[in-house]
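Asks: Here is a sequence together with a model predicted from it:
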Amino acid sequence: MQTDYKISRMTRHDDGRVEVVARIYEGDVTTELEGIVPQVLVTRYRRTRLLRTFTLSLPDLPLAATDAQILRKLNDELKKDTTRTPIAEQRN
């Protein structure tokens, strides 16, 4: 199984604090029919189950965290689960 995250909410406060709410999903690469007419086989990563929801803020993130710092921290969250592999786009 593979895992990925999806940011459901990000709030940047006036004082520089950043709060990120994200969800971690598991899934796998599958090939399925997609489309209306014509239907074609498409191979891609598909989420199958929500594993957990979590929030990042101070002290997890630095004051005025950049997008790169936030993504790095989210990628680190995926690495904590050693039984699953993060999707290629969300690895450090």
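Replies: That came in fine, so what should we check first? Numbers count the residues shown, from 1 in each chain.

Asks: Quick one: mean pLDDT over the helix or strand containing Arg23.
Replies: For Arg23, the host element (DSSP states H and E) is strand 18-34. Averaged over strand 18-34, pLDDT sits at 96.

Asks: Listing partners with orientation, what would you give for it?
Replies: The pairing partners recorded for strand 18-34 under DSSP bridges are strand 2-12 (antiparallel), strand 40-56 (antiparallel).

Asks: Select, out of these, the one closest to Tyr25.
Replies: strand 40-56 (4.2 Å; Cβ to Cβ). Just so you know, the C-beta spots here come from the backbone N, C-alpha and C atoms, and that holds for glycine as well.

Asks: which residues are in contact with that closest one?
Replies: When contacts are defined by Cβ atoms under 8 Å, 6 or more residues apart in numbering, strand 40-56 is touched by residues 2-4, 8, 18-35, 70, 73-74, 77, 81, 87.

Asks: at 7 Å what do you get?
Replies: When contacts are defined by Cβ atoms under 7 Å, 6 or more residues apart in numbering, strand 40-56 is touched by residues 2-4, 19-34, 73, 77, 87.

Asks: again with stretch 84-92
Replies: Met1, Gln2, Thr3, Asp4, Tyr5, Glu26, Tyr45, Arg72, Asn75, Asp76, Leu78, Lys79.

Asks: ok, how many other residues are close to the residue lying closest to Ser8 once chain neighbours are set aside?
Replies: Leaving aside its sequence neighbours, Ser8 sits nearest to Val21 (Cβ to Cβ, 6 or more residues apart in numbering; 5.1 Å). Using other Cβ atoms under 10 Å, Val21 has 14 other residues around it.

Asks: Tell me who's in contact with Val21.
Replies: Ser8, Arg9, Thr53, Thr55.

Asks: got a list of what the nearest residue to His13 once chain neighbours are set aside touches?
Replies: Using Cβ to Cβ, 6+ apart and skipping the chain neighbours, the partner closest in space to His13 is Glu19 (7.4 Å). The contact partners of Glu19, by Cβ under 7 Å, 6+ apart, come to Thr11, Thr55, Ser57.
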